[in-house]
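Engineer: Sequence plus predicted model, see below.
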Amino acid sequence: MQKFHIKRNDAVIVIAGSHKGKQGKVLEIRAAKNRAVVEGVAMIKKHLKKSQENPQGKIAEREGTIHVSNLMLLSRYEQSKRTKLPATTVAKA
């Protein structure tokens, strides 16, 4: 079994990709494909057929998966932002 830098219920932020900057809680890790489901991020639409629960059918929205390499722990992200020094201007002689 593979070890990841994140686990269920961790607060994470997306650091790369089309959802960059979004944050949420990890709901599920899918180790076979190195992906994670994050609450409120990468929402997809799922079309449901008519059934007893949905007599009209419906379009349900749910979370998709994001590759774990695009995720970072929120605490580590905030810590890295705090420790970075501001850029200094170098005077030309």
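Structural biologist: Sure, I can see it.
Engineer: which stretches of the protein form helices?
Structural biologist: Chain-ordered helices for the chain, with DSSP state H as the definition, fall at 74-83.
Engineer: Figure out the length between the terminal residues of stretch 47-56.
Structural biologist: For stretch 47-56, the first-to-last residue distance is 11 Å (CA to CA, to the nearest Å).
Engineer: What are the contacting residues of that stretch?
Structural biologist: Here stretch 47-56 makes contact (CB atoms under 8 Å, 6 or more residues apart in numbering) with 57-60. Every C-beta, even on glycine, is put in place using the N, C-alpha and C of the backbone.
Engineer: Out of the residues you listed, who's the most crowded?
Structural biologist: In terms of neighbour count, K58 stands highest of those at 14 neighbours, by other CB atoms under 10 Å.
Engineer: Please name the bridge partners of it.
Structural biologist: Bridge pairing for K58 (DSSP bridges) gives the partners L48.
Engineer: quick one: it from Q52, how far?
Structural biologist: 13 Å (CB to CB, to the nearest Å).
Engineer: Report the contact partners of M1.
Structural biologist: Residues in contact with M1, defined by CB under 8 Å, 6+ apart, are A31.
Engineer: thinking again about what came up before, which of the contacts of stretch 47-56 lies closest to G21?
Structural biologist: Closest approach between the contacts of stretch 47-56 and G21, by CB to CB: A60, at 25.4 Å.
Engineer: quick one: H67 and R30 touch, right?
Structural biologist: No - assessed by CB atoms under 8 Å, H67 is found out of contact with R30, at 10.2 Å.
Engineer: Name the residues contacting each of the two.
Structural biologist: The contact lists of H67 and R30 share A36, where a contact means CB under 8 Å, 6+ apart.
Engineer: from memory G24 sits against E39, does it?
Structural biologist: Yes - using CB under 8 Å, G24 makes contact with E39 at a distance of 4.1 Å.
Engineer: Neighbour count for the two, which is higher?
Structural biologist: For G24 versus E39, neighbours defined as other CB under 10 Å are more numerous around G24 (21 against 14).
Engineer: Give me the pLDDT for that one.
Structural biologist: G24 is assigned a predicted lDDT (pLDDT) of 96.
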